[in-house]
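*Asks:* Sequence first, then the predicted structure, then my questions.
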Amino acid sequence: MQKLTKVAKQFEGVLLSSLLQEVQKGTLDSSGGGLGAGSETLQSLGTEAVAQAIAQKGGLGIAKMIVRHFHYLADDGS
């Protein structure tokens with residue numbers, strides 16, 4: 001089940017990264033400040049790292065829900 005927990009946290013990190021990128025995009029668009037290609041890449045990598053760190057520390061609880069659901073399915077199937 002450790003593998004399931006790891007994958008669930010990675011999945012939550014991907015979701016958080018997508019959410020954070022959309023929030024940042026809206027902030028940058030409204031401020032009128034454009035970033036160069038290098039800055040956008042660096043910002044994207046930073047956002048991804050922050051999202052993964054948040055997910056590893058418990059994030060929004062999505063990973064826990066996924067693991068709990070799979071435990072339920074495994075227990076129900078026996």
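*Replies:* All right, it came through fine. Numbers count the residues shown, from 1 in each chain.
*Asks:* Please make it C-alpha for all contacts and neighbour counts, starting now.
*Replies:* Will do.
*Asks:* Tell me, how many residues neighbour Gln2?
*Replies:* Per other CA atoms under 10 Å, the neighbour tally for Gln2 reads 8.
*Asks:* Next one: it from Gly61, what distance?
*Replies:* Separation of Gln2 from Gly61 (CA to CA, to the nearest Å): 16 Å.
*Asks:* Repeat that for Leu73.
*Replies:* Per CA to CA, Leu73 is found 18 Å from Gly61.
*Asks:* Find the helix or strand that the spatially most central residue of the chain is a member of.
*Replies:* In the chain, the residue lying closest to the centroid (CA atoms, centre = their mean) is Gly13, at 2.2 Å. According to DSSP states H and E, Gly13 maps onto helix 2-31.
*Asks:* Can you name every helix or strand that that helix contacts?
*Replies:* helix 37-56, helix 62-76 (3 or more CA pairs under 8 Å, 6 or more residues apart in numbering; DSSP states H and E).
*Asks:* who's in contact with Leu16?
*Replies:* Counting by CA atoms under 8 Å, 6 or more residues apart in numbering, Leu16 makes contact with 51-52, 55.
*Asks:* okay, those in a markdown table with distance to Gly38 and pLDDT next?
*Replies:* Formatted as a markdown table, those follow (distance: CA to CA, whole Å; pLDDT from 0 to 100):
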| residue | distance to Gly38 | pLDDT |
| --- | --- | --- |
| Ala51 | 20 | 89 |
| Gln52 | 21 | 88 |
| Ala55 | 26 | 87 |
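*Asks:* Can you lay out those as CSV showing neighbour count and distance to Arg68?
*Replies:* Below are these laid out as CSV (neighbours: other CA atoms under 10 Å; distance: CA to CA, whole Å):
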residue, neighbour count, distance to Arg68
Ala51, 23, 21
Gln52, 21, 20
Ala55, 24, 16
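*Asks:* Between those, which sits nearest Val67?
*Replies:* Ala55 (13.6 Å; CA to CA).
*Asks:* What residue, apart from its backbone neighbours, is nearest that closest one spatially?
*Replies:* Using CA to CA, 6 or more residues apart in numbering and skipping residues adjacent in sequence, the residue nearest Ala55 is Gly13, 5.1 Å away.
*Asks:* was I right about the one you found contacting Gly58?
*Replies:* No: using CA atoms under 8 Å as the test, Gly13 is too far from Gly58 to be in contact (10.0 Å).
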